[in-house]
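**Q** attaching a predicted model along with its sequence, questions to come.
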Amino acid sequence: MRLDKYLKVSRLIKRRSVAADACSASRVLLNDKEAKPAKEVKVGDVIEVVYGSSRLRVRVTSIAEVTKKQDASDLYEVID
């Protein structure tokens with residue numbers, strides 16, 4: 001699955017266009033490397049998203065094309 005779509009489906013970023021913009025602006029890292037929006041995400045990958053002055057690091061635990069809002073957090077686990 002594309003990185004921008006995963007960020008949207010997992011509700012880490014609200015809209016796919018915003019996720020793509022964040023990737024293009026180097027505010028999203030995939031396995032500690034800058035990633036373009038089209039980069040493929042796999043189970044076990046580590047994603048780091050920079051929100052202003054804070055950072056969120058998550059490990060991908062599952063991939064789904066669509067998910068309910070209450071189940072979105074099951075797609076990843078937060079790591080420090």
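**A** Received the coordinates, thanks.

**Q** what about this structure, any weak spots by pLDDT?
**A** Low-confidence segments of the chain, defined by pLDDT under 70, are absent.

**Q** tell me how far residue 35 lies from residue 74.
**A** From residue 35 over to residue 74 the distance is 22 Å, taken as CB to CB, to the nearest Å. For the C-beta atoms, the positions are set from N, CA and C on the backbone; glycine is no exception.

**Q** so for the two, which sits in the more crowded spot?
**A** residue 35 (20 against 13; other CB atoms under 10 Å).

**Q** now for residue 63: which residues touch it?
**A** By CB atoms under 8 Å, 6 or more residues apart in numbering, the residues touching residue 63 are 1, 6, 41-43, 75.

**Q** most neighbours of all those, which one?
**A** residue 6 (25 neighbours).

**Q** how near is the residue nearest to that one when sequence neighbours are not counted to residue 23?
**A** Once flanking residues are discounted, residue 6 sits nearest to residue 41: 4.6 Å by CB to CB, 6 or more residues apart in numbering. Note on residue 41: its distance to residue 23, by CB to CB, is 11 Å.

**Q** okay, and the common contacts of those two?
**A** Residues touching both residue 41 and residue 23 (CB under 8 Å, 6+ apart) are residue 3.

**Q** neighbouring contacts of the biggest helix by length in the chain?
**A** Ranked by residue count, the top helix of the chain under DSSP state H comes out as helix 16-24. For helix 16-24, contacts defined as CB under 8 Å, 6+ apart pick out 3-5, 7-8, 12-13, 28, 35-37, 39, 49-50.

**Q** which of these fall in strands?
**A** 28, 49-50 (DSSP state E).

**Q** which strand residues bridge the closest residue to residue 58 other than its chain neighbours?
**A** The shortest distance from residue 58 to any non-neighbouring residue, by CB to CB, 6+ apart, is to residue 76 (4.0 Å). Bridge pairing for residue 76 (DSSP bridges) gives the partners residue 60.

**Q** wait, residue 76 sits on residue 10?
**A** Yes - the criterion here is CB atoms under 8 Å, and residue 76 meets it with residue 10 at 5.7 Å.
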